[in-house]
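Novice: quick one, fold the following:
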Amino acid sequence: MDPTLLRTLVQVESNSIAHHEHTLPAAPERVVSRTYPAVPQQDPIELQSLRLSRNETAPSPSAPATPREETDLEMSAPATPAEPADAVDALPTLNNPPKNKFRLASCCFQNFLSGLIDSAAGALIPHMEIHYNIGYAVVSLLFIGNALGYIMAAPFVDQMRQRLGRARAMALSQALIAAAFAPFVSAAPFPAVAVGYFFIGFGCAVQLAICNVFCANLRRGTTMLGAMHGSYGVGGTLGPLVATALVAAGAPWNYYYFLTLAIALFNLAFSSWSFAHYEAEQADAAQAGSDPSAAAAAGADFPSRSPAVQQMSAMLVAFSSRVVLLGAIFIFAYQGAEVSISGWVISFLIAARDGDPSTVGYVTSGFWGGITLGRFLLSPVGARVGEKLFVYVLVVGAAVFQLLVWWVPNIVGEAVSVAVVGLLLGPVWPCAAVVFMRNLSRREQVSGLSVVSAFGSSGGAVAPFTTGILAQAAGTFVLHPIAIALFAVMVLCWFGLPGSIKRRTE
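Specialist: Numbering: from 1, shown residues only. This is a model prediction of the structure:
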């Protein structure tokens, strides 16, 4: 190429570049914000902080730092992964700690004894009336004494657990129950027997509240509670069988209570051993965990030396809880219906159906056998279906079969219907206890369950006592409208209870 032509081309290209060269744009003037009274105002977004977080370059020391507010996007991001919204407590299992399996067995044996005590009353009441020459109204004082024991125990259960620990509290409850059998085995005058039922109620209230809290806080709590309360049904099934067999063989009615005394002494030793060092194990597990809030919540469950004022304050908090109040009325109606049916259905069959006292006593065993099967077989179904819906179905079904017991004038058909009523009522307590525990904090659990148990036992006394008074005046058929009315109260209370809340780490 000609050098002159090349020089001309380079000169033209250079002039073109110089002609199109632009300088960097100047910074725009600050925009004046406009305020509109009808529009909500927001803080300006600091783009500098967003640019820094994107480019990951720190400002120079001489540059002024942009103020960081809590509303900044960068400040709102957590430094560590957040806990999932549905996170729940890590629950102990049946095998971890290894001693839990023996603790569950201890709870089952204690409930088994309660079933033996409660169910035998229906079969032994006719013989006690003959022995003491008393009527329905006077013998119903046994239920009142039992209820007073539960009610008196409610304010003290949590204090006993905190001051004595679970092992000693359970040992004390079994010692009270064993001592209460002294008037029974000696066939003492009837007032002494009624006082004995008071101490039985006090001891059973302590063991029931502690056992419910322990089982509900295990993994698969509904199944564990079903096993525990199913053991109550086993005792309820065997109690009338043994009692009826003894009196049919000519033995005095009080010989039955030698059996319950022996089991109470066994429970005294077994519960003391199985729950020994329970609080220390839970404290170690809480300290080993990574969540400090869980450790603090677990520590609140151990024995403490808090003042009595704080303990009574916890009880007042439990009384002010809607879950506790509705749950207490629910269990009041449930246990009232359960004990009324088991305690008076034999008298109904004898008076209204001309049943043989030596054979109809086994109908109560069928009722408690249904409760046992229901708690073992149907409680896991409630966990899968949902406790809230499942209880509705159970209570309505129990009311229908209770109507059949009332309207079908056939002892065999009534015996089958009574057994079905027990089958449907069986899972109600375990399912209800799980719903209560989900909606109570750790600090409220023992005191709240104590209140619920106390009201339940008072229902198990007031309803049978009322049935006895009305039966004395009108006839034993009053059992059925009373039971159906109690089922209606259960449905209303259950409607007001929340069922979907999961208790989170506190």
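
Novice: show the contacting residues for Phe102.
Specialist: For Phe102, the contact set (CB atoms under 8 Å, 6 or more residues apart in numbering) comprises 270, 273-274. Quick note: C-beta positions are derived from backbone N, CA and C, even for glycine.

Novice: give me the distance between it and Cys108.
Specialist: Phe102 is 10 Å from Cys108, where distance means CB to CB, to the nearest Å.

Novice: next one: Ala167
Specialist: From Ala167 to Cys108 the distance is 17 Å (CB to CB).

Novice: repeat that for Ser173.
Specialist: From Ser173 to Cys108 the distance is 15 Å (CB to CB).

Novice: these two - which one has more neighbours?
Specialist: It is Ser173, of Ser173 and Cys108, that has more neighbours when counted by other CB atoms under 10 Å, with 29 against 21.

Novice: just the CA coordinates for the helix or strand encompassing that one, please, in CSV.
Specialist: Applying DSSP states H and E as the criterion places Ser173 in helix 157-180. Coordinates of each C-alpha in helix 157-180 appear next as CSV, following Å, rounded to 0.1, in the frame of the first residue of the first chain:
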residue,chain,number,x,y,z
VAL,A,157,-49.0,-32.8,93.0
ASP,A,158,-46.6,-30.4,91.3
GLN,A,159,-45.1,-29.4,94.6
MET,A,160,-44.5,-33.0,95.6
ARG,A,161,-42.9,-33.7,92.2
GLN,A,162,-40.6,-30.7,92.5
ARG,A,163,-39.6,-31.2,96.1
LEU,A,164,-39.4,-35.0,96.2
GLY,A,165,-38.7,-36.0,92.6
ARG,A,166,-40.8,-38.5,90.7
ALA,A,167,-39.5,-41.6,92.4
ARG,A,168,-40.2,-40.5,95.9
ALA,A,169,-43.5,-38.8,94.9
MET,A,170,-44.7,-42.1,93.3
ALA,A,171,-43.5,-44.1,96.3
LEU,A,172,-45.5,-41.8,98.6
SER,A,173,-48.6,-42.2,96.5
GLN,A,174,-48.3,-46.0,96.6
ALA,A,175,-47.7,-45.9,100.4
LEU,A,176,-50.9,-43.9,100.8
ILE,A,177,-52.9,-46.4,98.7
ALA,A,178,-51.5,-49.4,100.6
ALA,A,179,-52.3,-47.8,104.0
ALA,A,180,-55.8,-47.0,102.7
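
Novice: any idea which helix or strand comes after that helix?
Specialist: According to DSSP H and E, the helix or strand after helix 157-180 is helix 182-185.

Novice: for the helix or strand just after that following helix, list every residue counted as buried.
Specialist: Helices and strands here follow DSSP H and E; after helix 182-185, the next one along the chain is helix 190-216. By 16 or more other CB atoms under 10 Å, the buried positions in helix 190-216 come out as 190, 193-216.

Novice: off-centre distance for the helix or strand following helix 190-216?
Specialist: Sequence-wise, the next helix or strand downstream of helix 190-216 (DSSP H and E) is helix 221-248. From the chain centre to the centre of helix 221-248 is a distance of 20 Å (CA atoms, centre = their mean, to the nearest Å).

Novice: identify each buried residue in the helix or strand following helix 221-248, please.
Specialist: Next along the chain after helix 221-248, taking DSSP H and E as the criterion, comes helix 256-274. Neighbour counts over helix 256-274 (16+ other CB under 10 Å) mark 256-257, 259-261, 263-264, 267-268, 270-272, 274 as buried.

Novice: got CSV for these, with distance to Ala248 and pLDDT too?
Specialist: Formatted as CSV, the buried residues of helix 256-274 follow (distance: CB to CB, whole Å; pLDDT from 0 to 100):
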residue, distance to Ala248, pLDDT
Tyr256, 12, 93
Tyr257, 17, 93
Leu259, 16, 93
Thr260, 19, 93
Leu261, 22, 94
Ile263, 22, 94
Ala264, 25, 94
Asn267, 28, 94
Leu268, 31, 94
Phe270, 32, 93
Ser271, 33, 91
Ser272, 37, 91
Ser274, 37, 90
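
Novice: remind me which residues of this protein are low pLDDT?
Specialist: Low-confidence segments of the chain (pLDDT under 70): 1-91, 284-320, 358, 446, 457, 499-506.

Novice: which residue is nearest the middle of it?
Specialist: Nearest to the centroid of the C-alpha atoms of the chain, with distances taken as CA atoms, centre = their mean, sits Ala433, at 2.6 Å.

Novice: return the backbone torsion pair for Glu444.
Specialist: Main-chain dihedrals, Glu444, degrees, to the nearest 10: phi -90, psi -10.

Novice: count of neighbours near it?
Specialist: Glu444 has 23 neighbouring residues, counting by other CB under 10 Å.

Novice: with the one 10 residues further on instead?
Specialist: The number of residues packed near Ala454 is 27, by other CB under 10 Å.

Novice: which non-adjacent residue is nearest it?
Specialist: With CB to CB, 6 or more residues apart in numbering as the measure, Ala154 is the residue that lies nearest to Ala454, at 3.7 Å, once sequence neighbours are left out.

Novice: what's near enough to touch the one you found?
Specialist: 205, 315, 450-451, 453-454.

Novice: which of those residues fall within helices?
Specialist: 205, 315, 450-451, 453-454 (DSSP state H).

Novice: Pro409 is in contact with Ser417, correct?
Specialist: No: when contacts are counted by CB atoms under 8 Å, Ser417 is not listed as touching Pro409 (12.0 Å).

Novice: so those two - more neighbours on which side?
Specialist: Neighbour tally, Ser417 and Pro409, criterion other CB under 10 Å: the higher count belongs to Ser417, 22 against 9.

Novice: so which helix or strand takes in the more buried one?
Specialist: Element membership of Ser417, judged by DSSP H and E, is helix 411-425.

Novice: by contact count, what packs against that helix?
Specialist: In this structure, helix 411-425 packs against helix 322-353, helix 361-373, helix 387-407, with contacts taken as 3 or more CB pairs under 8 Å, 6 or more residues apart in numbering; DSSP states H and E.

Novice: ok, now with 10 Å
Specialist: Under the contact criterion of 3 or more CB pairs under 10 Å, 6 or more residues apart in numbering; DSSP states H and E, helix 411-425 touches helix 221-248, helix 322-353, helix 361-373, helix 387-407, helix 479-496.

Novice: make a markdown table out of those and add distance to Gly145.
Specialist: What follows is the helices and strands packed on helix 411-425, written out as a markdown table (distance: least, CB to CB, whole Å):
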| stretch | distance to Gly145 |
| --- | --- |
| helix 221-248 | 18 |
| helix 322-353 | 13 |
| helix 361-373 | 21 |
| helix 387-407 | 27 |
| helix 479-496 | 20 |
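
Novice: to Ile130, which of those helices lies closest?
Specialist: Of all the helices and strands packed on helix 411-425, helix 221-248 sits nearest to Ile130, with 10.2 Å by CB to CB.
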